[in-house]
Structure formats: structure tokens, C-alpha cells
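Peer 1: Build me a structure from this.
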Amino acid sequence: MLAAAFAVIALVASVWLALDRTPPEWDHANHLQRALECGRDVQAGDLASTIERSSFYPPLVPCLAGIVARVLPWDIAAAQGVVLAFLALGMAAVYLIGRERISGRAGVVAAVLFGAAPFVVFNSVRFQLDLPLAAMVPLALWLLMRTEAFTRRGAALALGIVFGLGMLVKPPFAVYVVPVMAWVVVTRRPARASLANAALSLMVAAVVSTAWYGPRMMGLPAQIGARSFQQAAESGHPPPLSLGALAIYPVTMPAFFGVAASVLFAAGLVVAARQRRGLELVAVLVPFAVFLAIQNKNARYTLPILPMASVVAALALEAARPRARALATAITAIVVILQVSATAFAVPSAVSIEGTRLAFAIPAPPRAANWQQPELLAVIARHAGAAGGTVSVVPNHMWFSPANFRYYAVRDRQPLQIVRAWDDAPVGIEYMVLKTGDVGPSWTEGKSRRAAARLDDVDVARAFPVIAEVPLPDGSTATVRARALGRGVDAPPAAVARAVEHAVVASLDDVATAVQGLAVHVDYDADAIVRGLVRRVEITADRATVGERRRRGASMLAVRDLHIVAEDVLVNPWLAVAAGRFEPLDARRVKLVRATIEAEALRAFLAETKGFTHMRVRLEPGTLAFRIALPGPDVAGRVRVLPAPGRPFTLDADDVRVGGLPVPSPLVSWVFRNFDPSTRLASRLPVPVEIGGVQVAPDAIRIAD
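Peer 2: Below is the predicted model:
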């Protein structure tokens, strides 16, 4: 019966995938991209890149999909095959838990309720990590039961391996499993040998997952906190304990778990409480409380609770009298069939109660619409040639975003770098992809529209002529623009040079104040400058206070003896001549040749800079001594500033201590990489930036060639 139920769900998913033509959205596209990259890394034997590539999501599931994709001709089929394999594993584990805790019949019911839940069906055709995570949770809990309160060492070792693999699926895995492990230890009061087995299990889990988590152990908590609260607030989520936030999961539960399963689950909680089934209650209620308490509410976070919620629901059926159980089982089977059909194919299409958020499915039928990403990328690739180029995808629409453009570029091996919408000037952008109409969610819409609005300026649009236009399925139009300055501006070269020089001076108001002794020099070729190409721009100043002045609350840094050189600078010549505005488009290199930053100015700057407010820095001969105050143990050490290819500088850490304890040299990079801003800074720079040699003294930092 269980195999037949899984076969039906797998068939539904296969038919859906065969019919659907929509591009993968957002995280779905990101995971598919990583799967392709990991498959290529594994084929090349480059495991280091696999471990380094993702900063937040572990590589297990994408790499499995990438390896399978090396064999199958269709990467999406490979990815969804991996997801369905995890679903089979999860349904089997739920059955085993139900059989052991209740009965074989209840195990089948629980496994079917889990596998046929609308949100499970929805995720079975999308390459996300949450369904594999939901499958690993019941497997770990079943192995936990097999340890018999950690009295069986073999089962404890197997639990440790699965625990480590679960952590390599997604970091929240521990939230669903650790509370149950703690409940077993506290309530069963195991002997010393059993506690040793529990410790051994955790050690094995640490060994399995350390290769990925080790380098991230100091920075991951901050990322999790930011995603749980800060980014949720920016996205418009209500405060975590407000009435609206607390009602989200209960109100949407029928749509994600199914109406029949939700009713049975509510009754099952009562039965579990009466029968004092602490394991089931802890496995369901503790993770639910954790995710209810954070501000970032998303049904994906509660998906791994559904396996044990299904066991609780089956408990309610098992407690009913035979005739009532048979009737309830028949009704549940009918509802399950309807919710699977409604979710996968929108049959029936009416799934909600008018005027409420209550529904019994998540209609997500396959769509045949073509959103043109591969075709548009092919146009850009032909125009760019073998050299490739940087493409700014301005909208962030679910099916027309940087994420799915990036995935298709990687899939088709196009020599193109895909970036998001630019902030101020399109520096380093060679191609733009724009869209009319809906451009994405509210928290990114403003930036997309501001960037697109720049093209309303005729002098900006002139630098980026249209090379392609295509209609999109939502009735909007996609436009591709390519940077091309043609013959340039119709003005004498000397006049253009003066206009660029004056524009540079005027633009400094956006990034500097209290400037003394300013001098700007433009070196140019007469034939090139009319097309916006400047051989060299040189800026010197005796003193200045620099920072992003247009950004509210930006920190400012006082410097003296400043000397900056930009080589082979490309500017918009029409804006410089007609509007006196300096808009850089590209540069071969920007170099901070010389600058002096006094110790007091550096301390004031760091005190105002986001991310550095808990850091204290002291200048010493040749090094910077630092101390970072954290919620846990503080981190302290010394760093030297060194030149580095591909980024302005790198920081070489030494004598690093966590909580006063010295960190062994091989592990220093694990700790310090989370506080080193040089890599993040380099990734955000649109053009290569270098600095001169850095000399650190107790009174100041001096940069000089």
C-alpha cells in the first residue's frame, strides 16, 4: 500500500514536470545552479570549490543532484529524481515510526498523509532543500528510537551519521531532532555507558558535517539571526509575536497539510496528551514553537514537522472505534486524492473558502509559458562573442529574475556574468535586461524601478541602445540593451575633457566633504575621449572626509594626503557635456595610491560602521590588534594588511584567540574568515580596485606605492 501511494505521487510529479515549462524561481534556480556547478566540480575532482561555494546552504542535496545530472540528459529530471528519492526515504521512515509507536496500519496512514500533503506535493516538483530535510528528520528519529535510550551503540553510531548528513542538508535540522534527543536523555535517565553512546553519536555527527560547518562556525549564527529577524522585517513580515504573525501557521495549515490531516492532527494532539506520548508531542510542538517565535514566517520551515504531525494524526484514527475509523479513513482517502489533484493540476480549481485564507490545497498546475531566458541569453552571447560580458537583470520577478538567468547561463555554459540591478550608475554593466509591468516583490520593486527609470534619460539610453525586444507571457515586454557609445559626442575633445574634469569635481560632493587642496587631472587621447574613454583620471587632496554621503547614516572616514588614480575609464560623454554629470561606466583599474588614516579617525569610523560596532582596533607596529565582542566568547587577534590578486587587499590573521584561548594555526582561517571584510568587499566592486603598500604604525595607517 505504501509503495503504491508513493508510485502515484511520483507519477503525478513526473507528469507535472513533463508538462511544465516555467523557469525555476529564486531559491529553486539558485539550488539548480549549485547542482550543476557541484557536478562539474566533482567531475574535475575540485571538492574544495564545492565546500567554499555556498555561504549558507550545505552542499549535500545539490551535489547529489549534480552527480545524477552527469548521467541523465535533463538536469531538472535529475534534481527532482533526487527529491523524490528523499520523499520515498521519508515516507518509509514515517511508516517505520508509526509501526513501532502505534501499529503497521497507522504507519501506512501516517506515511500517506505525509507524502500526499499539499505542500509536499508542491515541493516534489521544485528543487528545494526542505523536502529532503523533512525526509531526514523521521529517519533520524526512527534511529533514535532504535538506540533504545542510547543503550545500543550500533544504532547510536548510525544516528550520528544520519544526524551529520541531515545537517549537510540544511542547518535547521538540529531544531527538529535535538529536542527529542534531549527528551529521551532526560526522561529515560540512561546509564553512564548510554550517555557515552549519546556523546559518541554527536561526535560522529560533528565529524561528518565539520568539513562544511567548520569554516562557517563563527559566522553562521549571525546569518541565521539576520534571516530570522532583520531580513524578515525588511521584507514586511509582522512582528514575531503579533496576532497576525501567530495566526499565519494555524490558518494556513489546512492548505499545506491537508484538511483531513489537520483535523486528525488536532484530535491526535489530544490523544497524545492523554496517553502521555511525550516523544510525539516534543517532536511536533517544540520546533513549531521555535519557528513561531522568529519573525521570518515561511511554510517551508514547518515542512519537516509534517512527518511527526502525520504520526500524531494517525494516532487519532487508531484511537477511534472500528466503524468510525473505517468511515474516517474512507473520507480521508477521498480528501487526499482531491488535494493531490488540486495541488498538481488545479482539479478541482475551487480550493478556498470565499473571504478567508482557509483552503485545502495549493493550486500550482504546470504552465507551458516560455519566459525566454535561454533565448535572450543566446542573443547577448552572440553579441558579446567569446569575451562574454556582465549582464544586469533589472527585474526580480518570480519567473524573470537574476536567479533564473544565472541558472540558465551556467546550464548553457554561456560566458556571461549575471548581476542584479545597479544602485547609482551602471558601472561595469555591459548588458541590461529590463521588463515592463510587474518587476517583483515590494521589497525589491523600488530598486528595479529606479534603475529602469534611468533609461528615461535620453543621454543614458543613448549609451545603451536596444538590441532585442520580446513579449513575455504576462503581457509585458522584455528589452535587452547593450553598452555601445558609437562615434560618441559631437564636441571638441578639449571641451569634453574639461566637462569630464568639472563633472568629476562636482560628483565628489556625493562621496566627500571638508575637502582641502583638491586637484583633478584628466589625461586623454583626442580620438577616444569623445567616445567617453579617458586614459587616466587622477585625484589628489590634502584632506577629505569620505563616505557614501547620499546613504542615510553612512559612516565617514577622515583621510589626508589622498591620491587616487583610475586608468582606462569609460564615462558617459553625453551626460558629461550636456548635464555636467560624471557617470562612470567602466574602468580597467582604480588604485588608491596614497592615503594616511590617523588612529583616532579609524576608531571613529569603525564605531559608526555597521558590523564593526562591537569591534575595537588598536594600531601597533606592522599590525592591527583587534577584539570583537560577541554574545558568546570574544574573538581577539592581530592582522597584517597584504596585497592580494583580484581584491584590494587581504588580511593575514595571527595570534587569534576565542574566549582567551589560542586558536591552533590550521583553524585560524575557520574563525577569522567570518570577520574578514576583504572578500565581501571585492565581490561588491564592479571594477578592479587596488591599494598601495600598507604601513601600520601606532599613530596611523599609511598607504603608499
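Peer 1: Domain parsing of this protein, as residue ranges.
Peer 2: 2-209+236-345, 373-482, 490-597, 614-705 (automatic domain parsing).
Peer 1: Beyond the helix or strand bottoming out on mean pLDDT in the chain, next helix or strand please.
Peer 2: Across the helices and strands of the chain, mean pLDDT, DSSP states H and E gives its lowest value to helix 231-234, namely a mean of 62. Using DSSP states H and E, the helix or strand that follows helix 231-234 towards the C-terminus is helix 243-257.
Peer 1: buried set for the helix or strand following that following helix?
Peer 2: Using DSSP H and E, the next helix or strand after helix 243-257 towards the C-terminus is helix 259-274. Going by neighbour count (16 or more other Cβ atoms under 10 Å), the buried part of helix 259-274 is 259-265, 267-269, 271-272. (Glycine included, C-beta is placed from N, CA and C.)
Peer 1: Stretch 546-564 too?
Peer 2: Buried, per 16+ other Cβ under 10 Å, within stretch 546-564: 546-547, 555-564.
Peer 1: Among the residues you listed, name the ones in helices.
Peer 2: Among the buried residues of stretch 546-564, the subset assigned to helices under DSSP state H is empty.
Peer 1: any idea which of these is closest to residue 346?
Peer 2: residue 555 (51.8 Å; Cβ to Cβ).
Peer 1: Now do the contacts for that closest one.
Peer 2: 547, 605, 608-610 (Cβ atoms under 8 Å, 6 or more residues apart in numbering).
Peer 1: for the residues you listed, which one is nearest residue 149?
Peer 2: residue 610 (47.4 Å).
Peer 1: Excluding sequence neighbours, find me the nearest residue to that closest one.
Peer 2: Nearest non-adjacent residue to residue 610, counting by Cβ to Cβ, 6 or more residues apart in numbering: residue 555, 7.9 Å away.
Peer 1: what element comes up after the longest helix seen in the chain heading to the C-terminus?
Peer 2: The single longest helix within the chain, with elements called by DSSP H, is helix 75-101. Remark: after helix 75-101, the chain's next helix or strand is helix 104-115, criterion DSSP H and E.
Peer 1: which stretches of the stretch 301-450 of the chain have low pLDDT?
Peer 2: 354-357 (pLDDT under 70).
Peer 1: Can you show me the strands along it?
Peer 2: 389-393, 416-419, 431-435 (DSSP state E, counting those that start in this stretch).
Peer 1: So which of these is nearest residue 364?
Peer 2: Short answer: strand 431-435, nearest of the strands of the stretch 301-450 of the chain by Cβ to Cβ, at 22.4 Å.
Peer 1: Could you list the residues in contact with the closest one?
Peer 2: The contact list for strand 431-435 (Cβ under 8 Å, 6+ apart) reads 376, 380, 383-384, 389-395, 397, 400, 405, 416, 426, 452, 455, 464, 472, 476-483.
Peer 1: got it, and stretch 418-428?
Peer 2: The contact list for stretch 418-428, computed with Cβ under 8 Å, 6+ apart, reads 390-396, 402, 405-406, 409, 429, 432, 447-448, 450-451, 454, 464, 483, 550, 583-587, 686-687.
Peer 1: Kindly recompute the last result at 7 Å.
Peer 2: By Cβ atoms under 7 Å, 6 or more residues apart in numbering, the surrounding residues in contact with stretch 418-428 are 390-394, 402, 405-406, 409, 429, 447-448, 451, 583-586, 686-687.
Peer 1: and what of stretch 630-637?
Peer 2: 626-628, 653-659, 671-672, 675.
Peer 1: again with stretch 465-483
Peer 2: 369, 371-372, 376, 379-380, 383, 400, 429-438, 463-464, 484, 585.
Peer 1: what about 8 Å?
Peer 2: Here stretch 465-483 makes contact (Cβ under 8 Å, 6+ apart) with 367, 369-372, 375-376, 379-380, 383, 400, 426, 429-438, 455, 461, 463-464, 484, 585.
Peer 1: Would you mind listing which of those residues are buried?
Peer 2: 371-372, 376, 379-380, 400, 426, 429-435, 455, 463-464, 585.
Peer 1: Just the ones in helices from the residues you listed, please.
Peer 2: The helices, defined by DSSP H, take in 376, 379-380, 463 from the buried ones among the contacts of stretch 465-483.
Peer 1: Great, nothing more from me.
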